[in-house]
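Trainee: quick check, what structure comes out for this input:
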Amino acid sequence: MLRNHKNYCLRGGQIGFTMIELLLVVSILAIVGSIVIVNFAGGDNSVRSNVKETSARFEMEQLRQALLNYKKDNFSFPIPTSTVDLSFLFDNPYNESDSLHSWNNDYQSGWRGPYLTTGDGGVVDIGDDLEFNGSGDAHIISLAAKKLQRAVPDPFTQHPVYNHSQSNNCVVYLNGTIGVDENSGNENCLFDWRPLGSDDGVEPFLKFGRPYLVFDLDDLSKARIVSMGENGVYELGVEKFQKDSCSYIQNEINKEPQNLRPDDLILCLR
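Mentor: Residues are numbered from 1 along each chain as shown. Just a heads-up that it's a prediction; the model follows:
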């Protein structure tokens with residue numbers, strides 16, 4: 001039957017799009033796509049900032065899970081050398097002959113890491129003023145810098161900063177080249193990163209993320225992971241928080257007006 005013949009005879013017998021129509025559609029899609037790319041890559045800082053914050057929160061959740069897995073196996077955390085030292089998540093901090101911490105199949109306990117296999121940024125120098133309970137300032141050296149700490153960087157890339165400074169960076173321009181004003185003979189710069197296995201004589205990276213901070217690992221009600229946020233400055237070292245739980249700290253931060261709220265990110269372990 002040819003009762004519906006007229007449905008097959010669109011455009012005088014032609015079915016589908018012409019080549020000109022297809023080229024027109026492709027051109028329009030290409031233009032729209034280029035606009036989106038330009039806006040994302042360089043035209044909207046708030047979009048890029050939100051993407052980095054989302055990435056940081058995801059990484060913090062991965063750190064949280066790794067820390068909880070470590071504690072589940074080993075019952076407690078080792079004593080790190082600083083608030084950014086996460087080497088125990090990558091390497092066994094105990095002697096392999098240590099019967100208490102070597103893996104025991106009967107009791108299902110002991111170190112069975114690595115608990116993190118990616119995200120290790122290398123080693124970084126930080127100030128020694130920052131305490132394990134979160135008080136103090138990571139930008140300040142009181143006695144001697146915590147040097148070459150194995151840590152994990154957040155996605156908010158920053159230049160290193162001078163000791164006692166939260167704004168001036170350590171970038172220098174010498175003989176037409178750009179570098180970091182740091183060497184084995186001084187402790188001018190903090191948050192300067194080097195590849196894993198490096199020493200002070202290796203040239204630091206010019207720009208890298210700030211290390212994630214971990215506080216109060218001996219008390220899960222207080223234990224937390226902190227990113228210094230987009231401005232690269234640790235702002236949560238407020239004394240009134242130190243006696244309270246992590247959830248209390250989060251609630252108090254959220255009560256602050258948006259324009260006064262620290263941009264640090266915080267995630268409770270529990």
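Trainee: burial count for Gly119?
Mentor: Neighbourhood size, Gly119 [other C-beta atoms under 10 Å]: 16. Every C-beta, even on glycine, is put in place using the N, C-alpha and C of the backbone.
Trainee: residues in contact with the residue positioned nearest the centre of the chain?
Mentor: In the chain, the centroid-proximal residue (C-alpha atoms, centre = their mean) is Asp154; its distance is 1.8 Å. Residues near Asp154 by C-beta atoms under 8 Å, 6 or more residues apart in numbering: 56, 59, 209-212, 227-228.
Trainee: so it versus Glu235, what's the distance?
Mentor: Distance, Asp154 to Glu235, by C-beta to C-beta, to the nearest Å: 14 Å.
Trainee: same deal with Phe156?
Mentor: For Phe156 relative to Glu235 (C-beta to C-beta), the value is 13 Å.
Trainee: tell me where this structure is predicted with low confidence.
Mentor: Residues of the chain meeting the criterion pLDDT under 70: 1-17, 19-27, 30-48, 96-100, 184-185, 238-243.
Trainee: swap the cut-off to 50 and go again
Mentor: 1-2, 5-11, 35-42 (pLDDT under 50).
Trainee: surely Lys146 meets Glu131?
Mentor: No: counting by C-beta atoms under 8 Å, Lys146 sits too far from Glu131 to count as a contact (11.9 Å).
Trainee: ok so, going back, which neighbours do Phe156 and Glu235 have in common?
Mentor: Contacts common to Phe156 and Glu235, judged by C-beta under 8 Å, 6+ apart, are 228-229.
Trainee: of those two, who's got more company?
Mentor: Phe156 (21 against 16).
Trainee: correct me, but that one touches Val233?
Mentor: No: using C-beta under 8 Å, Phe156 makes no contact with Val233, being 10.6 Å away.
Trainee: beta partners of Val124?
Mentor: Gln149, Trp193 (DSSP bridges).
Trainee: that one: neighbouring residues, count only.
Mentor: Val124 has 28 nearby residues by other C-beta under 10 Å.
Trainee: next one: Gln62
Mentor: The burial count for Gln62: 15, using other C-beta under 10 Å.
Trainee: next one: Gly179
Mentor: Count around Gly179 with other C-beta under 10 Å applied: 15.
Trainee: and it, what are its phi and psi?
Mentor: phi -150, psi -180 (degrees, to the nearest 10).
Trainee: and the gap between it and Ser82?
Mentor: For Gly179 relative to Ser82 (C-beta to C-beta), the value is 25 Å.
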